[in-house]
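Visitor: Predicted model, plus sequence, below.
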Amino acid sequence: MPKKTQTKNDSTEAVPVTHEWVRLILQKVKTGKISLAEATRELSTLPYEELAHAKIDHHRPMRTGFPEVIFGGSKTVEQIASIATRMAERSERLLITRASPEAYSAVKQKVSDAVYNPLSRTIVVNRLKTRARPGIAVVTGGTADIPVAEEASVTAELMGNEVAKVFDVGVAGLHRLLDKLPQLRAARVLVVVAGMEGALPSVVGGLVSVPIVAVPTSTGYGASFQGLAPLLAMLNSCAPGVAVVNIDNGFGAGYLAGLINNREGGE
C-alpha cells in the first residue's frame with residue numbers, strides 16, 4: 001500500500017487526477033522528459049491530500065469512476081470552501097450536498113464555474129463534455145418530496161445521465177401514476193421518492209420490469225417519525241426489485257441509479 005503523505009498546496013500541478021494523467025506522467029519518465037523524483041512529486045497526492053480539517057481523496061475517481069463528494073451538513077462555510085477549492089483543482093467534477101447559500105457564495109469566490117441548485121441544496125462543477133445517457137426516471141409521491149428527488153437527479157446527471165422527472169404521482173391519486181406508465185416503463189432504472197406511508201415504490205414495483213431505488217423521506221406527520229415509517233414500509237415491500245436507501249438520501253439513490261444505468265448502457 002502506498003505510504004500516506006502530506007502535501008502542500010503548491011506541491012503538484014493543478015490538473016485532474018485521471019488514468020490518462022498517470023499514463024502521461026509514466027510516459028514522461030519513460031522518455032526521459034522528467035526524472036523519477038519529479039514523477040514522484042506529481043503523484044504525491046495519492047492516495048490523499050491532507051488539510052488541517054480533511055484528507056481529500058483525489059485518487060477516488062481512478063478507483064470508482066466518480067470523485068469524492070462533499071457532505072455540506074455539519075461543516076463550516078470555511079471548511080466547505082477550502083475542501084472544494086482543492087478538489088476543483090484536481091477533478092473535472094465536483095458535488096457538494098446539503099449546501100447553504102452562504103457556502104455557495106464562499107465556494108463561488110474560489111471556483112468560478114460552480115453552480116448552485118437551491119431546491120436540492122447542491123453545488124456542482126461539471127467540466128466534462130459528454131453526451132447524457134438516457135435511462136433514469138425520478139418519481140415522487142408528492143411535491144414535498146421534490147428536494148430529495150432533485151438531489152438524486154443532480155447526482156445522476158453529474159454521472160453523465162439524462163434524468164426524466166415524474167413528480168406528484170402518489171398513491172392518493174393512482175390515475176396520475178398510471179398516466180405516466182409508458183414513461184416509467186421506458187426507463188432502465190427508477191428512483192422512487194416518497195414520505196407519509198411510503199407505499200409508492202411497492203405500487204410502482206408491481207407495474208414495471210426495471211430496478212427501483214426507493215427513497216423514504218421525512219415528509220409526514222408525527223407517526224411518520226421523521227421518515228422511519230416509510231423506511232420500514234419500503235424495506236417490507238412485497239414487490240420484487242425494490243432496493244431502499246436511507247431516509248432523505250437522494251444522493252445515494254441517484255448514485256446507485258447512475259451506476260446501474262451506466263452499466264446497462266454499456267459503460
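Guide: Looks like it arrived, so ask away.

Visitor: Walk me through the domains of the chain.
Guide: 61-129, 133-261 (automatic domain parsing).

Visitor: what about the longest one, how long is it end to end?
Guide: Between the opening and closing residues of domain 133-261 there is a gap of 8 Å (Cα to Cα, to the nearest Å).

Visitor: if we can go back for a sec, and the domains of the chain: which comes nearest residue 23?
Guide: domain 61-129 (11.1 Å; Cβ to Cβ). In this view, the C-beta of every residue, glycine as well, is placed from N, C-alpha and C.

Visitor: Now do the helices in the stretch 151-267 of the chain.
Guide: Assigned helices in the stretch 151-267 of the chain, in chain order: 174-179, 181-185, 200-205, 228-235, 250-264 (criterion: DSSP state H, counting those that start in this stretch).

Visitor: re the thing from before, list just the one of the domains of the chain that sits closest to residue 53.
Guide: Residue 53 sits nearest to domain 61-129 of all those, at 5.4 Å, using Cβ to Cβ.

Visitor: Mind putting the helices of the stretch 151-267 of the chain into JSON lines with distance to residue 107 and mean pLDDT?
Guide: Converted to JSON lines, these look like this (distance: least, Cβ to Cβ, whole Å; pLDDT from 0 to 100):
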{"stretch": "helix 174-179", "distance to residue 107": "38", "mean pLDDT": "95"}
{"stretch": "helix 181-185", "distance to residue 107": "35", "mean pLDDT": "96"}
{"stretch": "helix 200-205", "distance to residue 107": "34", "mean pLDDT": "97"}
{"stretch": "helix 228-235", "distance to residue 107": "32", "mean pLDDT": "97"}
{"stretch": "helix 250-264", "distance to residue 107": "17", "mean pLDDT": "93"}
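
Visitor: most tightly surrounded among these?
Guide: Greatest average neighbour count among the helices of the stretch 151-267 of the chain goes to helix 200-205 (a mean of 24), per mean count of other Cβ atoms under 10 Å.

Visitor: So what touches that helix?
Guide: Helix 200-205 is contacted from outside by 139, 141, 169-171, 174, 177, 184, 190, 192-194, 212, 214, 233-234, 237-242, 244, using Cβ atoms under 8 Å, 6 or more residues apart in numbering.

Visitor: rerun that using 10 Å as the cut-off
Guide: Among residues not part of helix 200-205, those counted as contacts by Cβ atoms under 10 Å, 6 or more residues apart in numbering are 137, 139-142, 145, 166, 169-171, 174, 177-178, 180-181, 184, 190-194, 210-216, 230, 233-234, 236-244.

Visitor: Can I get the buried ones among those residues as something I can paste into PyMOL?
Guide: To isolate in PyMOL the members of the contacts of helix 200-205 that are buried, counting by 16 or more other Cβ atoms under 10 Å, one can use:
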select buried, resi 137+139+140+141+142+145+166+169+170+171+177+180+184+190+191+192+193+194+210+211+212+213+214+215+216+230+233+234+237+239+241+242+244
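
Visitor: Sort out for me which of the contacts of helix 200-205 are in strands.
Guide: Among these, the members falling in strands (DSSP state E) are 137, 139-140, 166, 190-194, 212-216, 242-244.

Visitor: what's the burial count for residue 78?
Guide: The burial metric for residue 78, expressed as a neighbour count using other Cβ atoms under 10 Å, is 11.

Visitor: Take the domains of the chain and lay them out in TSV including distance to residue 22.
Guide: Written out in TSV, the entries for the domains of the chain read as follows (distance: least, Cβ to Cβ, whole Å):
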stretch	distance to residue 22
domain 61-129	7
domain 133-261	21
